[in-house]
Every structure is written in C-alpha cells, then in structure tokens.
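Student: what shape does this take:
(one chain, ligands or ions: 1)
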Amino acid sequence: MSRFHEFAGAEALAEAMADRVAATLSEAIGARGRASIAVSGGTTPGRFFDALSTRPLDWDKVDVTLVDERFVPFDNPRSNHALVAGRLLKNAASAAHFLPLYQPEPTAEAAAATASRTAGALAAPFDVVVLGMGGDGHTASFFPGGSHLSQALDMGTDAPILSMEADGAGEPRLTFSFRRLQDARLLILHIEGEAKRSVLEKAQAGHEETEMPVRAVLRRAATEVDIYWAP
Ligand SMILES: O=C1O[C@H](COP(=O)(O)O)[C@@H](O)[C@H](O)[C@H]1O
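Tutor: Numbers count the residues shown, from 1 in each chain. A predicted model of the protein is given here:
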C-alpha cells in the first residue's frame, strides 16, 4: 500500500519532505528521548538534505545512518557518507550522531559484519527511512541479480546489514536488510523525474521482486509507503 504525493518541482518537494521528516523526528524525541533516521545516497536526496539540515530539532538526540553504502572510503566521490556529511550534517543538523556503514575492512562482507554490530545495533524500528530508487528498480542496495538479494529481501534474515554485489551496482555494496527498513514509523520513497515515475508504475504493475526489488517495499512493507515525486 502507498500514498502518492506530487509536487510542482524538486524544491517544493524537498521543503515539504523536510517538514514531514522533522516533525516525525521531533515526535520521536518527545516520545522516546532519541530519534533515528536512515537515508539514501545517490543523486536525488541532496536538496532534501539541505532543507532538513536547517530544521530546528534537538539534533544531538538524532542518530543518522544510511540505508545503503558503496564499499568505498569517505574520500571517494561515490561515498554516500560523504554526500550526507556535505549536505545533511551541517547547519542545525551538524549536532546529529552519524553511524557509517562503510568500514575499513578487507572485504564488503567483513564490513557488513562490523557495521551490523554498530549501525545495525540501532533500535528497531527506525523512526524514519528515506528510500530512493534506481532506473533498474533497485532500492537501498537491493539490486536485480544481487549476490545476496534473496537474503536481503527475506523477512527471516537476522543480519541487519548485508553485502551485495551486482552487475548494475558498480562497486560492492553494504545494505540494511528489507526487514530492518520496512517497518519504519515513517517510510518514504523519494523519486524525481518522468523516467522514474514510469519505473515506479512498472514496479506497481508487477509482482516479481527479483526483477524489480523495489516491489518488496511497495507490496510487503509493514508501514504504508509515502511516495514523494516531482517532475
Ligand atoms: O546507488 C544508489 O542508487 C539509488 C538511487 O540513486 P539516484 O542517483 O538514482 O537517486 C540510491 O537510492 C541508493 O542509496 C544509492 O546507493
């Protein structure tokens, strides 16, 4: 199940999404003393990060992590951590506590095991999860043909963070499991552009998760998905 929120442009979307996310984090701090958010990387969330970073919140009580990461160090231009550091962890949000998925281990598999003990130990469920989607129907690092795709999508998988290799992924990846993402108190899928709207419609029209893993989120997430879209 999902709700579709359409905006005239990317700026309006970023501001509205930042208001919604900030309100959810604020409620969480009020209710439980701390709040958690897992965000995506890639090219889409930059404007949203800029907007969210200015929202007045008790940011020192907010834990921020990534839904997925490329297995590259911070100084690599493809690092999702570097994106979050530059666009989100600034202004008021510079006081937030960031938990990285990347770990300087010899393999992505070893890094996933280490990250499972750190970021993976954040209390479940997340207060907020913001997912993106690739043109191939991947979300987080649930890639079609991914080496650990079936484990990542399996609700029986205990490991909170897994490694993933896939032809379309570039470098090896680290990803939170579907189980750890799907029950967030606020679960957002953020996409922009006509091409991604078409990909979304194709995903909504079919069932096969191995073909388009975002279908797991659209069809099986415990939390209703809020889809934010602008042309
Ligand atoms: O590789 C990734 O891609 C997706 C989508 O990225 P975009 O550039 O099309 O916005 C992103 O959600 C994911 O976090 C990232 O690692």
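Student: low-scoring stretches of this protein, by residue?
Tutor: Along the chain, no part satisfies pLDDT under 70.
Student: so which bits of it are right by the ligand?
Tutor: 40-44, 68, 80, 132, 134 (C-beta under 6 Å from any ligand atom). Every residue, glycine included, has its C-beta placed from N, CA and C.
Student: switch to 8 Å and redo it
Tutor: 40-45, 66-70, 80, 131-135, 138-141, 169-170, 173, 191-192, 196 (C-beta under 8 Å from any ligand atom).
Student: restricted to strands, list those.
Tutor: When DSSP state E is applied, those are split such that 66, 68-70, 131, 173, 191-192 fall in strands.
Student: find the nearest non-adjacent residue to Gly9, please.
Tutor: Leaving aside its sequence neighbours, Gly9 sits nearest to Ala230 (C-beta to C-beta, 6 or more residues apart in numbering; 5.5 Å).
Student: next: Leu99.
Tutor: Ala119 (4.0 Å).
Student: right, and the one you found touches Phe98 too?
Tutor: No - using C-beta atoms under 8 Å, Ala119 makes no contact with Phe98, being 9.3 Å away.
Student: these two: who's more crowded?
Tutor: Ala119 (26 against 16; other C-beta atoms under 10 Å).
Student: could you check how far the more buried one is from Val64?
Tutor: 10 Å (C-beta to C-beta, to the nearest Å).
Student: got it, and Ala22?
Tutor: Ala22 is 13 Å from Val64, by C-beta to C-beta.
Student: if we can go back for a sec, show me what contacts the residue nearest to Gly9?
Tutor: 6-10, 12-13, 192 (C-beta atoms under 8 Å, 6 or more residues apart in numbering).
Student: out of the residues you listed, which are buried?
Tutor: For the contacts of Ala230, a burial check counting by 16 or more other C-beta atoms under 10 Å picks out 7, 10, 13, 192.
Student: and these, which is closest to the ligand?
Tutor: Distance ranking of the buried ones among the contacts of Ala230 against the ligand, using C-beta to the nearest ligand atom, places Glu192 first at 7.8 Å.
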